[in-house]
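J.: take a look and give me a structure for this.
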Amino acid sequence: MSQPDLSLSLQFADPRHKALLPRHKVARWIRAALELPGELTVRIVDAEEGRQLNKEFRAKDYATNVLTFDYSHEPVVVADLVICAEVVEREAKEQGIAIADHYAHMLVHGTLHAQGYDHEEDDEAECMEARESELMQALGFADPYARGA
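T.: Alright, predicted model coming up:
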């Protein structure tokens with residue numbers, strides 16, 4: 001199965017994990033979740049920028065792991081994924097997993113959001129989580145929703 005075309009801009013406002021996120025790996029993880037060609041910007045930010053964006057766009061006054069700004073679902077997926085390095089590092093430690101593994105999950109999760117997947121309602125969450133589990137395992141990672149079960 002051929003993978004969709006991807007135009008990727010990878011930005012490091014917070015460079016602490018840059019070595020864990022080589023462009024080819026980030027592109028591979030995103031492509032796995034893309035169902036159509038995509039134009040994505042991935043920006044790794046610190047807690048201050050993550051909090052500011054979450055507050056401005058979601059009215060939530062804290063930094064979150066990943067924010068997805070989706071602009072188009074088809075014929076080309078166009079989106080910005082903003083990932084907070086500090087939150088990913090903290091969550092990975094809490095879950096007992098490698099930081100890179102958690103980044104892979106956040107990139108898959110954000111890419112699914114960019115295509116209209118959501119988890120606000122139980123049935124949506126079940127569908128999205130099943131897709132994430134399938135993709136993460138296909139990429140060679142553990143099922144992110146089986147941890148601690």
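
J.: ranges for the strands of this structure?
T.: Using DSSP state E, the strands of the chain run over residues 6-12, 38-45, 66-72, 77-84.

J.: show me what Thr41 is bridged to.
T.: Ser9, Asp80 (DSSP bridges).

J.: run through the helices of this structure in chain order.
T.: 23-33, 47-58, 85-95, 99-114, 122-138 (DSSP state H).

J.: what about Ser9, how many residues nearby?
T.: Neighbours of Ser9 under the rule other C-beta atoms under 10 Å: 10. Any C-beta I mention is one placed from the backbone N, CA and C, and that applies to glycine too.

J.: residue nearest the centroid of this structure?
T.: With distances taken as C-alpha atoms, centre = their mean, Leu107 lies nearest the centre of the chain, 2.4 Å away.

J.: any idea of the pLDDT on that one?
T.: Predicted confidence (pLDDT) for Leu107: 98.

J.: I figured it was touching Val26, is that so?
T.: Yes - counting by C-beta atoms under 8 Å, Leu107 does reach Val26; the two are 6.4 Å apart.

J.: what's the closest of the helices of the chain to Leu10?
T.: Nearest to Leu10, of all the helices of the chain, is helix 23-33, at 5.6 Å by C-beta to C-beta.

J.: please report how far the residue nearest to Val82 when sequence neighbours are not counted lies from Gly116.
T.: Spatial nearest neighbour of Val82, excluding adjacent residues (C-beta to C-beta, 6 or more residues apart in numbering): Leu67 at 4.3 Å. Here Leu67 is placed at a distance of 16 Å from Gly116 (C-beta to C-beta, to the nearest Å).

J.: the two: which is more packed in?
T.: Comparing Leu67 with Gly116 by neighbour count (other C-beta under 10 Å), the higher total belongs to Leu67, at 21 against 11.

J.: roughly how far does the more buried one sit from Ile83?
T.: According to C-beta to C-beta, Leu67 stands 8 Å off from Ile83.

J.: cool, Met128 as well?
T.: If you go by C-beta to C-beta, the gap between Met128 and Ile83 works out to 17 Å.

J.: neighbour count winner among those two?
T.: Legend: neighbour count by other C-beta under 10 Å for Met128 and Ile83, higher for Ile83 (25 against 17).
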